[in-house]
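K.L.:
A predicted structure for the sequence below; I have some questions about it.
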There are 2 protein chains.
Amino acid sequence: MKKQNATYGDIANYTNLSKMTISRYFNQPHSLADETKEKIEEALKTLDYTENKFAKALSSGKSGIIGIITPNFFYNFYTALIDAFIRIYPKSPYKFLVFTSDNSPETERSFIAELLSYRIEGLIILSHMLGSEELCKYPFPVIGIERESEFISSVDTDNVSGTKQAVKRLLQDGCEVLIHINTGTSPALPSYARIKIFEEVAVRTGTPHQCFMIPVEIHTDVHKLYACFEKVCKTLHSKYPHKRIGAFVCNDTMAHLFLNSALTNGFKVPEQLEIIGFDNSPVSEQAILPISTVGQNVNRIVSQTVRLLDRQLEEKKNLSKDAPTQKHLIIKPKLLLRKTTLNIK
Amino acid sequence: MKKQNATYGDIANYTNLSKMTISRYFNQPHSLADETKEKIEEALKTLDYTENKFAKALSSGKSGIIGIITPNFFYNFYTALIDAFIRIYPKSPYKFLVFTSDNSPETERSFIAELLSYRIEGLIILSHMLGSEELCKYPFPVIGIERESEFISSVDTDNVSGTKQAVKRLLQDGCEVLIHINTGTSPALPSYARIKIFEEVAVRTGTPHQCFMIPVEIHTDVHKLYACFEKVCKTLHSKYPHKRIGAFVCNDTMAHLFLNSALTNGFKVPEQLEIIGFDNSPVSEQAILPISTVGQNVNRIVSQTVRLLDRQLEEKKNLSKDAPTQKHLIIKPKLLLRKTTLNIK
């Protein structure tokens, strides 16, 4: 193992400067003569000094650490977001401390207390345990992604546009019945628009339609999900025989399971049944029939979140008394056509 | 927003104690009288003081932060590991800073320099860019998971046992030809045992066999992977007609794509072709035919890694001059039988 890092004392001894001067080099470098700075820089190289972000954080109040709280790693959308945040490391001044929380508001509060003790500069929140009214009171900018964010800033996918693109495609392909499969989000969440707009378009175009809501307690239980989708398939066979059905599904994991279930239960996809998922998860491409999907622009969501954070931290520095201005950014998704739709021109 | 955190000065003013006493409360609490401690504790509550992990890290040299470097978030095995590490937060004294690195040794070195500046206490490494001989020189314990680890400690799956369980099951089910599909790991990696033991068992039992290696440049390109698996299916049809084939595949993502390809290319699974994957990724359960797989015990890998880290940090504290004793732990995987094998008793 290498020896311990050089201290201010070591650097002072080596350069024949005072410890105070060394401290000023790290904290108020502009107050030193260029000659002194060069002398210290040379010593740092020779002594193999590594910067101490903790000491820096303590003197500047800036840790460079951003907290992220995500509900789970089960849905690819969350994994893909975390991955994209981590991948911007080399280009970003921030590091991310990630917590998973799908338990209780108490757990989430204790996580935030932990993050506070690391002097995080901001919080990116994807989970749904604490309301934005509570979150906005913390002494750092909070940005929500695809969650209730009445009192905090947010970056969300344009769920209205995504749903319209999907349903229009199903109608254009000649689907006579529209169905929507959803895991049942609350009206306070941005993704609720997927249910609302689906119903609006179906009603407006006079298309027979039905929503299937998957009970929250089976969301991660594959056996129960397959049993549930088998029931959906039986309902469709008996209720809409000889009709072309168009299914818009709230995420690709569910769309994949529904596709497999439909194929196993005798549906011809896409001739009898078209399926469009949401997210553009890897599984949508890997499925036995590549699944058409509303592609979320994860990279853009992440880059816009980081830019928004930058601006809010800048704003906070300039007028230290007040909360930063609330901003709500909307990112356009794009329908990707694969093999579960006919894609009639 | 809440006001800024109370300083030692604020606490000293409030309690009429010296700043030195306040500092001792945080750093050598045993040196203070109970009465003094109670006085300070009361002040902390009233002043709504939050602990400063940076100040603590600076005085104790302990940040509580562990670095994790993972190659990617594409393979579920890595995502599942990261998830399990993050889920032990409430029970563990550590926080994790995660980096993704499948680029170059230079990038990886600069990541480690970053981590050093945060005074990490240990490093968990899953990536393959830097050799263990270089890693063992850093001034903190390094634990490798499923990577080359000649000079560092490691926690690995028992790949020998996992492969034997899989190949024995294929033979017991009456497979006449054995194939292995692998993404081509280096002989220095623990997972190389999957190739080696597959060949050993096939040779020892006199079973006709073949290995298919997927070129590294198409590992994440689903279209090219499907094209590649279509060729494998054609080879199998023409080379081994009317034979029962048993396929052992190096991970579940590949097993899933191969299963879909085999079904599309006219194979009856499991009657004509049996498939066993590796990892027990969610996709192995979600596939159109649930895939039999060698289940890695991710939770045990993670708990053993954290325990090993604990012991090494303890050891380092006690004999500060030396590197901790190298330890290599092996975790037993378990074959999970699903629908891609006949499972003959």
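P.N.:
Right, received. Where do you want to start? Numbers count the residues shown, from 1 in each chain, chains lettered A, B, ... in the order given.
K.L.:
from here on, contacts and neighbour counts on C-alpha atoms
P.N.:
Noted.
K.L.:
what about the helix or strand harbouring A:E106, average pLDDT?
P.N.:
Taking DSSP states H and E as the criterion, the element that holds A:E106 is helix A:105-117. The average of the pLDDT scores along helix A:105-117 is 84.
K.L.:
one more: stretch A:179-194?
P.N.:
If you average the pLDDT values across stretch A:179-194, you get 92.
K.L.:
can you dump the C-alpha coordinates of it into CSV?
P.N.:
Listed next in CSV are the C-alpha coordinates belonging to stretch A:179-194 (Å, rounded to 0.1, in the frame of the first residue of the first chain):
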residue,chain,number,x,y,z
ILE,A,179,-57.2,-1.5,-24.6
HIS,A,180,-54.8,0.0,-22.1
ILE,A,181,-52.9,-1.9,-19.5
ASN,A,182,-51.6,0.1,-16.6
THR,A,183,-50.1,-0.6,-13.1
GLY,A,184,-52.4,2.0,-11.7
THR,A,185,-50.7,5.3,-11.0
SER,A,186,-52.1,8.1,-8.9
PRO,A,187,-53.7,11.1,-10.6
ALA,A,188,-50.9,13.2,-9.0
LEU,A,189,-48.2,11.6,-11.1
PRO,A,190,-47.2,12.7,-14.6
SER,A,191,-47.7,9.2,-16.0
TYR,A,192,-51.4,9.3,-15.1
ALA,A,193,-51.7,11.2,-18.4
ARG,A,194,-51.2,7.8,-20.1
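K.L.:
quick one on the thing from earlier: what residues sit buried inside the helix holding A:E106?
P.N.:
Within helix A:105-117, the residues that count as buried by 16 or more other C-alpha atoms under 10 Å in any protein chain shown are A:108, A:111-112, A:114-117.
K.L.:
stretch A:262-274 now?
P.N.:
Buried residues in stretch A:262-274, defined by neighbour count with 16+ other C-alpha under 10 Å: A:262-263, A:267, A:269-270, A:273-274.
K.L.:
who touches that stretch?
P.N.:
A:170, A:175, A:229-230, A:233, A:243-247, A:275, A:339-342, B:288 (C-alpha atoms under 8 Å, 6 or more residues apart in numbering or on different chains).
K.L.:
what about it, distance to the chain center?
P.N.:
A distance of 32 Å separates the C-alpha centroid of stretch A:262-274 from that of its chain, computed with C-alpha atoms, centre = their mean, to the nearest Å.
K.L.:
same deal with stretch A:87-102?
P.N.:
Offset of stretch A:87-102 from its chain centre (C-alpha atoms, centre = their mean): 11 Å.
K.L.:
again, but for stretch A:284-291
P.N.:
In terms of C-alpha atoms, centre = their mean, the centre of stretch A:284-291 is set 23 Å apart from its chain centre.
K.L.:
as PDB, could you dump the C-alpha coordinates of the longest helix seen in chain A?
P.N.:
Ranked by number of residues, the top helix in chain A under DSSP state H is helix A:298-318. Included here for helix A:298-318 are C-alpha records, laid out as PDB according to Å, rounded to 0.1, in the frame of the first residue of the first chain:
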ATOM      1  CA  VAL A 298     -33.400   9.100 -21.000                       C
ATOM      2  CA  ASN A 299     -30.100  10.900 -22.000                       C
ATOM      3  CA  ARG A 300     -32.000  14.100 -22.500                       C
ATOM      4  CA  ILE A 301     -33.900  13.800 -19.200                       C
ATOM      5  CA  VAL A 302     -30.600  13.400 -17.400                       C
ATOM      6  CA  SER A 303     -28.800  16.200 -19.200                       C
ATOM      7  CA  GLN A 304     -31.700  18.600 -18.700                       C
ATOM      8  CA  THR A 305     -31.900  17.600 -15.000                       C
ATOM      9  CA  VAL A 306     -28.200  18.300 -14.500                       C
ATOM     10  CA  ARG A 307     -28.400  21.600 -16.300                       C
ATOM     11  CA  LEU A 308     -31.400  22.600 -14.200                       C
ATOM     12  CA  LEU A 309     -29.500  21.700 -11.100                       C
ATOM     13  CA  ASP A 310     -26.500  23.800 -12.300                       C
ATOM     14  CA  ARG A 311     -28.800  26.800 -12.800                       C
ATOM     15  CA  GLN A 312     -30.500  26.400  -9.400                       C
ATOM     16  CA  LEU A 313     -27.200  26.100  -7.500                       C
ATOM     17  CA  GLU A 314     -26.000  29.200  -9.300                       C
ATOM     18  CA  GLU A 315     -29.200  31.000  -8.400                       C
ATOM     19  CA  LYS A 316     -28.900  29.900  -4.800                       C
ATOM     20  CA  LYS A 317     -25.400  31.200  -4.600                       C
ATOM     21  CA  ASN A 318     -26.400  34.600  -5.900                       C
END
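K.L.:
do that helix and chain B meet?
P.N.:
No: in this structure, helix A:298-318 remains apart from chain B according to C-alpha under 8 Å from any C-alpha of the partner chain; the gap is never smaller than 10.8 Å.
K.L.:
and stretch A:137-150, by the same measure?
P.N.:
Yes: counting by C-alpha under 8 Å from any C-alpha, chain B is contacted by stretch A:137-150 at A:137-140.
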